[in-house]
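Colleague: Make a model of this:
(one chain, ligands or ions: 3)
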Amino acid sequence: MPKSCIAVDIGASSGRLIRSTFEEGRLKLEEIHRFSNRMTEQDGHFFWDVDSLFQEILTGLKGTAHRFDSVGIDTWGVDYVLVDKDGDRVSPVYAYRDHRTDGTLEKITSVMPSEKIYEKTGIQFLPFNTLYQLYEHARTRPQDMEGAKHLLLIPDYLHFLLTGIATNEFTNATTTQLFNITDKRWDSELLEAIGIPKSLFPVVVHPGTVIGNFKEGILPENDAPVKVIAPGTHDTASAIAAIPAVSEDFAYISSGTWSLMGIESKTPICTELSRQYNFTNEGGVFDTVRVLKNIMGLWLIQEVKRLYKDRHSFAELVRLAAASEPFKCLVNPNSNRFLNPANMVEEIQAYCGETGQAVPETPGEVARCIFESLAFQYRDVLKKLRSVSGKEINRIHIVGGGCQNEFLNQLCADFTGCTVQAGPMEATAIGNLLLQHIALGDIPDLKEGRKVVLESFGNKTFVPSDSKTFLPHWDTFTRLP
Ligand SMILES: Nc1ncnc2c1ncn2[C@@H]1O[C@H](COP(=O)(O)OP(=O)(O)OP(=O)(O)O)[C@@H](O)[C@H]1O
Ligand SMILES: C[C@H](O)[C@H](O)[C@@H](O)C(=O)CO
Ligand SMILES: [Mg+2]
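Modeller: Numbering: from 1, shown residues only. Ligands and ions are numbered 1, 2, ... in the order given. You can find the predicted model right below:
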């Protein structure tokens, strides 16, 4: 009987459970549950409701009529749960967009130079990395650290709830900027610098590891044991595993709440140039390295959609953007002011006004400003990727929900001059499932797995147009603050 696996893929805006069977060389998918995800706000702080996320997982697992052999969970990175010796949480689960780490990066790098932190971890300097979150947590809630037995990243915690077994999975551990990229262990000097005991961290497991079976009571009506298998539990690691690349000289954009743009490397790229460009070296599946850069991504349009009270679907916002005046105004999407502003529309309008540009007024004008700005950011990151890697790169794979934005796909092709291959949309879940099927012996390795993805899901090609009308506006973009 063909093996059946379930991927639980939870992003910052949505979650889904997708069941797969591997039959006749193809992956057959069935979406068994989908739900929205959003930070909660209380007393000016931002949290994740992990209890409701776990309930959504159980709802999906109980809702499927079909049998399954294994489950694996992936989510966004950096965020964590502290549990005591009884496995109970000792504090709320902070969301990385919380403002508690505003200014913390500078405090840390004033005592340990950024060059040294980068040499140890190879990780990009983002204000919300776990390194900075834990520094603030230990300072403002020291009692939590005294009561805690384990620090589990979000997917580790959800695996723990299913199995009772505490682990840290490698790909997500690297996102913390506390993990030594050379030793492939938690970095003692960094942990000491922020007063966090190394004993908090349980065993590190790699993608494809069987963590354990469902513990008693998870699915009482199930008689057969269900394995919990670690995928690339950092969602981007799973997304990249599913890229249907047939050559090596490709770049990717994992396009969702963030646009994660990078290359797959066999070794880290930790040079002074890559540090200056703030490229990261996150751990990938099968000992690859994800040399990439976080671009603020479709978070911008998610917030715009929310502020317009969801009157326009994403597809409608794309249509309105395409019908709007080109190059009316541009923003630097990676400006920290867009990380979590009170009102994204007003923040974008203020930025345009302050930089002497026309101010976008309609939903279409705001959306077009976002998409054109993101596409210029892709052009900038591609140029820097070529510099730090020495790779030619003529093809960009766009995967994730954002690959449905055909307007942005074409802008990306036009502004970068690369051929864009769009899809699969559910790359993260598919990459999660690939690791489970490889662990169960259905698929021999990642190379064969990527062929299965191409065979099973295909993708759509966007070829760059010959027009260079965007070039004068590229000059405007490169001068933005
Ligand atoms: N029909 C559509 N047309 C255009 N864009 C779309 C469409 N549906 C979704 N999107 C884009 O996909 C994005 C969501 O992508 P995805 O579902 O991969 O994100 P996620 O998994 O929830 O978040 P994360 O990036 O944290 O994993 C939305 O923000 C939206 O911009
Ligand atoms: C905050 C992290 O950079 C985050 O995990 C990012 O990699 C992501 O959300 C990918 O979906
Ligand atoms: Mg996602």
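Colleague: Could you use CA atoms for every contact and neighbour count after this?
Modeller: Fine.
Colleague: close to ligand 1, is the helix ranked longest in the chain?
Modeller: Criterion DSSP state H: the longest helix present in the chain is helix 363-389. No - with C-alpha under 6 Å from any ligand atom as the criterion, ligand 1 is not reached by helix 363-389; the gap is at least 9.9 Å.
Colleague: Chain neighbours aside, what residue packs nearest to whichever residue of the stretch 301-450 of the chain sits closest to ligand 1?
Modeller: Per C-alpha to the nearest ligand atom, the residue of the stretch 301-450 of the chain with the smallest distance to ligand 1 is Gly401, at 3.4 Å. For Gly401, the nearest residue in space outside its immediate sequence neighbours is Met425; the separation is 5.0 Å by C-alpha to C-alpha, 6 or more residues apart in numbering.
Colleague: does the one you found really touch Gly402, like I thought?
Modeller: Yes - Met425 is within contact range of Gly402, at 7.4 Å (criterion: C-alpha atoms under 8 Å).
Colleague: just to revisit the earlier point, can you name the residues that contact the residue of the stretch 301-450 of the chain closest to ligand 1?
Modeller: Under the criterion of C-alpha atoms under 8 Å, 6 or more residues apart in numbering, the contact partners of Gly401 comprise 255-256, 425-426.
Colleague: So it versus Asp156, what's the distance?
Modeller: Taking C-alpha to C-alpha, to the nearest Å as the criterion, Gly401 is separated from Asp156 by 24 Å.
Colleague: Next: Arg306.
Modeller: With the distance defined as C-alpha to C-alpha, Arg306 ends up 30 Å from Asp156.
Colleague: Between the two, point out the one with more neighbours.
Modeller: Set side by side, Arg306 and Asp156 give different neighbour counts by other C-alpha atoms under 10 Å, the larger being at Asp156 (26 against 13).
Colleague: and that one, that one's in a helix?
Modeller: Yes - Asp156 sits within a helix when classified using DSSP: H, G, I helix; E, B strand; the rest coil.
Colleague: So it is in contact with Glu169, correct?
Modeller: Yes - with contact defined as C-alpha under 8 Å, Asp156 and Glu169 form a contacting pair (6.8 Å).
Colleague: What is the nearest of the contacts of Gly401 to ligand 2?
Modeller: Closest approach to ligand 2 among the contacts of Gly401 (C-alpha to the nearest ligand atom): Gly256, at 6.5 Å.
Colleague: Distance-wise, check Trp299 relative to ligand 2.
Modeller: 10 Å (C-alpha to the nearest ligand atom, to the nearest Å).
Colleague: scratch that, Pro220
Modeller: Counting by C-alpha to the nearest ligand atom, the separation of Pro220 from ligand 2 is 33 Å.
Colleague: do Gln349 as well
Modeller: Relative to ligand 2, Gln349 is positioned 25 Å away (criterion: C-alpha to the nearest ligand atom).
Colleague: Find the residue closest to that residue in space, skipping its chain neighbours.
Modeller: Val359 (5.4 Å).
Colleague: what does the stretch 251-400 of the chain put close to ligand 2?
Modeller: Those residues of the stretch 251-400 of the chain that sit near ligand 2, judged by C-alpha under 6 Å from any ligand atom, are Trp258.
Colleague: interface residues of the stretch 251-400 of the chain facing ligand 1?
Modeller: By the criterion of C-alpha under 6 Å from any ligand atom, the positions of the stretch 251-400 of the chain lying close to ligand 1 are 256-258, 298, 302, 314-315, 400.
Colleague: Show me where the stretch 201-350 of the chain has its helices.
Modeller: Counting by DSSP state H, counting those that start in this stretch, the stretch 201-350 of the chain forms helices over residues 235-241, 272-276, 299-307, 314-322, 344-354, given from the N-terminal end onward.
Colleague: what would these look like in JSON lines with mean pLDDT?
Modeller: JSON lines is the format used below for the helices of the stretch 201-350 of the chain (pLDDT from 0 to 100):
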{"stretch": "helix 235-241", "mean pLDDT": "98"}
{"stretch": "helix 272-276", "mean pLDDT": "98"}
{"stretch": "helix 299-307", "mean pLDDT": "98"}
{"stretch": "helix 314-322", "mean pLDDT": "98"}
{"stretch": "helix 344-354", "mean pLDDT": "98"}
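Colleague: Need the winner for burial among these.
Modeller: Each of the helices of the stretch 201-350 of the chain was given a mean neighbour count from mean count of other C-alpha atoms under 10 Å, and the largest, a mean of 29, is that of helix 235-241.
Colleague: Return the alpha-carbon coordinates of that one using PDB.
Modeller: Output of helix 235-241 as PDB, limited to C-alpha atoms (Å, rounded to 0.1, in the frame of the first residue of the first chain):
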ATOM      1  CA  ASP A 235       9.200  26.800   6.300                       C
ATOM      2  CA  THR A 236      11.700  28.300   3.800                       C
ATOM      3  CA  ALA A 237      14.000  25.200   4.100                       C
ATOM      4  CA  SER A 238      11.000  23.100   3.100                       C
ATOM      5  CA  ALA A 239      10.000  25.500   0.300                       C
ATOM      6  CA  ILE A 240      13.500  25.400  -1.200                       C
ATOM      7  CA  ALA A 241      13.600  21.600  -1.000                       C
END
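Colleague: That one and ligand 2, are they touching?
Modeller: Yes - in this structure, helix 235-241 sits against ligand 2 according to C-alpha under 6 Å from any ligand atom; the contacting residues are 235-236.
Colleague: what's that helix in contact with?
Modeller: Contacts to helix 235-241, defined as C-alpha under 8 Å, 6+ apart, come from residues 9-11, 74-77, 171, 231-232, 252, 254, 260, 283-285, 290, 399-400, 426-432, 434, 446, 450.
Colleague: Flag the shaky bits of the stretch 101-250 of the chain, pLDDT-wise.
Modeller: Along the stretch 101-250 of the chain, no part satisfies pLDDT under 70.
Colleague: sorry, back to before: from the contacts of Gly401, which is closest to Ala375?
Modeller: Proximity of those to Ala375 (C-alpha to C-alpha) peaks at Ser255, which lies at 11.8 Å.
Colleague: mind listing what that closest one touches?
Modeller: By C-alpha under 8 Å, 6+ apart, the contact set of Ser255 is 297-298, 398-403.
Colleague: Now Gly147. Nearest residue, chain neighbours left out?
Modeller: Leaving aside its sequence neighbours, Gly147 is closest to Asp84 (5.8 Å, by C-alpha to C-alpha, 6+ apart).
Colleague: so that neighbour makes contact with Glu146?
Modeller: No - Asp84 lies out of contact with Glu146 (C-alpha under 8 Å); the separation is 9.2 Å.
Colleague: if you count what's nearby, which of those two comes out ahead?
Modeller: Set Asp84 next to Glu146 and count neighbours by other C-alpha under 10 Å: Asp84 wins out with 18 against 11.
Colleague: show me the contacts for that one.
Modeller: Taking C-alpha under 8 Å, 6+ apart as the definition of contact, the neighbours of Asp84 are 90, 147-150.
Colleague: Help me confirm that Arg368 comes into contact with Pro326.
Modeller: Yes - in terms of C-alpha under 8 Å, Arg368 counts as a neighbour of Pro326; the distance is 7.4 Å.
Colleague: How is the protein divided into domains?
Modeller: Domain assignment for the chain, taken from automatic domain parsing, gives 4-229, 243-423+444-481.
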